[in-house]
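Colleague: take a look and give me a structure for this.
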Amino acid sequence: MQLFILVTYILVLYCISWYATKLIRQGKGGALQYLLAGRNLPMIVVAAMLAGLAIGGASTVGVAEHAYKAGLSAGWYNAAWGTAGILVGLFAAHHFRRMEVNTIPEMMERMYGRSARMISVVAQLLIMMVITSLQYVAGGAVLTALMPDVFTFQTGMLVTALLFVGITFIGGYWGAGLTNVVNIVVIYGGILAALSNASEVFGGFESIVAALPEGGPWFDFVSGAGFAMVMSWMVVMITQGFSVQAISQIAFAAKNENAARWGFILGGVVILPAGFLCALFGIIAAAKFPGLERAALALPTIMTNISPVVGGVFLAALWAAGISTAVGLLLGSSTLVMQDVWKRYFPSTVTEKNELLLSRMMVLLFSGVTYFLALTSVGILRTITTALAITASFTLLILANLFFPKYCKKAAGFWTIFASVAVWLAWTLYPQVRVAPHVVYLVWPACLATFALAYFLGKEPAESIVKR
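Modeller: Alright, predicted model coming up:
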C-alpha cells in the first residue's frame, strides 16, 4: 500500500513536470523560461517555492534526528527558516525583483566588480551542492526504513537522486514551482495525519510521555539544543535568506515586486510550524524506539509502524520535502554555471536552439556531483548549517549596498567573500579553530572586519544598484 501510494505520487509529479514543458514552450523556450520561469511566477507559487526549499530533508528527517535526543527545541531550525523568509520579504525581495538579474554573482559584479563575481560562483556552488547532497541522504534514510530488504542506504540515495533529477530535468523552474504547490499540501497533510495515527498506535500522548527517558529536555523549547545552537540557527538562516542563489532566484523569477514581497512573507509563515511538528516524531521515536542504530532513522522508523495508508501518504510527504528542496537547488546551481560561467567564457557555443539543452545538461552535471557528496555526508543539520555560514559575506555585501551604499568599496566584494570561505575551511579542517559554538560566530566578525578594512583602504567605490 505504501509503495503504491508513493509510486502514484511520483507519477503525479511527473505529469505536472510534463505540463510545465508547455509553459516553457509558450514563453518561446530558452534558458530564461527554463531556469527562471520567464520571470512570471505568481505570489502563491513564490510562497510554495520558498516553503518547498525550506521544508526539505533537513527540516523533516534532520529535525526528527536531532529531536531524538534534544526534544522539541530541534524545531527552531525551521522556525529560524520561516523568520528569515518573512524578513527577506519585508526588506529585500522586492529589490531583488526590481534589479532583473539572473544570479547573485551577477549582482556582485554590478556592485563590486568582476573578481567578486567569480569568487561568488565558487562560494555559492559550494553551499548549494552541500545542501543538495543532504536531500539524497534524507531520501535514502526513508527508503531504507521502509524496505530494508530491498534498499541499502546507498541504493536508497541513488533512487532518490534519480527522482529529483528527472523532475528537474523535465519541467525546469515552472515544473519546480507547480510541483511545490502540491508538495506543500502533501507535506503538511502527511505530517498531521501521521502524528494523529502515531498517537493512536502508541497508546496516546500520555503513554508516549510516560515512556520517555527520565530527565530529558523533551518539551523544553530551548534547553535540548541549547540557547547557543538555537541562536546560531537564527543567525545562519536569516543570513542565508538574503543571499543564497536558490532563495534569491525565487524573487528573481517572481511576476512583479509585489509577488516577490508577499510571496516571501507568506512562504515564511507556512514554514514556521513544520520544524516543531517534525520534532514530535523524534520525541515519539525516543519513547518507543530507544537505541536506534542511526538517529536519522527516527522518523522513517515511525512510518513503518503506523497505518499502511497513512504511512504511504507520510512517505510521499517525506519525499515531497526532499524533492521540493532539491529541485530548487539543482536549478540554482545550473543557473549559476549557465549564466556566470558558460555564457561568459564560451558565448559562441550558446545559440537560441541549444540554450535549453545546455541548461538541462547543467542539471545532470550537478546531480552527479551532489550524489557523490551525499555518499560522504554525516550529521544532516550540522553539515548544512556550517556550510550556510559562508553566506554571511553575501548578506553583508548586499544589505550594505541596498541601505548604506556610501560605505561600500569595490575591493570589499572579493575579500569579504574570501574571508568567509577561509574561516569556514579552517573550521572544517582544523578542530582547534572551533573556539565558538558555531562557525557563524567567527564568520560574521571576519566579514565585518574585512568589509571595514576595504572601506578605509579601498579607493574605488562600489556601484549602487538600487534606483533611488
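Colleague: in this structure, which helix is the longest?
Modeller: helix 153-201 (DSSP state H).
Colleague: which strands or helices does that helix pack on?
Modeller: helix 2-26, helix 30-36, helix 43-54, helix 114-146, helix 274-288, helix 298-303, helix 308-336, helix 355-374 (3 or more Cβ pairs under 8 Å, 6 or more residues apart in numbering; DSSP states H and E). All C-beta spots, glycine's among them, are computed from the backbone N, C-alpha and C.
Colleague: could you point out which element follows it?
Modeller: Once helix 153-201 ends, the next helix or strand along the chain (criterion: DSSP states H and E) is helix 205-211.
Colleague: can you list the residues that contact that following helix?
Modeller: 199, 202, 218, 283-284, 287-288 (Cβ atoms under 8 Å, 6 or more residues apart in numbering).
Colleague: which pLDDT does the model give V350?
Modeller: Per-residue pLDDT puts V350 at 85.
Colleague: just the one 3 residues further on next, same as before
Modeller: According to the prediction, K353 has pLDDT 78.
Colleague: and for V423?
Modeller: 95.
Colleague: helix or strand: which one has it?
Modeller: helix 411-429.
Colleague: so which elements touch that helix?
Modeller: Counting contacts by 3+ Cβ pairs under 8 Å, 6+ apart, helix 411-429 packs against helix 104-112, helix 114-146, helix 380-388, helix 391-403, helix 440-457.
Colleague: related to what we said a few turns ago, so for A225, which of the helices and strands packed on helix 153-201 sits nearest?
Modeller: A225 lies closest, by Cβ to Cβ, to one member of the helices and strands packed on helix 153-201: helix 274-288, at 9.7 Å.
Colleague: for that closest one, packing partners?
Modeller: Right, helix 274-288 is packed against helix 63-70, helix 76-91, helix 153-201, helix 205-211, helix 298-303 by 3+ Cβ pairs under 8 Å, 6+ apart.
Colleague: now the shortest one, how far from the centre of its chain.
Modeller: Going back to what we said before, that points to helix 298-303. 22 Å (Cα atoms, centre = their mean, to the nearest Å).
Colleague: swap in the third one?
Modeller: In terms of Cα atoms, centre = their mean, the gap separating the centre of helix 153-201 from the centre of its chain is 14 Å.
Colleague: now it: average pLDDT?
Modeller: Mean predicted lDDT for helix 153-201 stands at 89.
Colleague: can you add neighbour count and distance to F394 and give the contacts of helix 205-211 back as TSV?
Modeller: Below are these laid out as TSV (neighbours: other Cβ atoms under 10 Å; distance: Cβ to Cβ, whole Å):
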residue	neighbour count	distance to F394
S199	17	43
F202	17	45
W218	23	37
I283	24	36
I284	29	38
A287	18	42
K288	18	43
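Colleague: now distance to A454 too, for those residues, in a markdown table please.
Modeller: Shown next, in a markdown table, are the contacts of helix 205-211 (distance: Cβ to Cβ, whole Å):
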| residue | distance to A454 |
| --- | --- |
| S199 | 56 |
| F202 | 57 |
| W218 | 47 |
| I283 | 47 |
| I284 | 51 |
| A287 | 53 |
| K288 | 55 |
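Colleague: could you report the pLDDT at the residue lying closest to F414 once chain neighbours are set aside?
Modeller: Of all residues not flanking F414 in the chain, S115 sits nearest, at 4.3 Å (Cβ to Cβ, 6 or more residues apart in numbering). Looking at S115, its pLDDT stands at 92.
Colleague: tell me the spacing between S115 and S393.
Modeller: Distance of S115 to S393, computed by Cβ to Cβ, to the nearest Å: 14 Å.
Colleague: fine, thanks again, bye for now.
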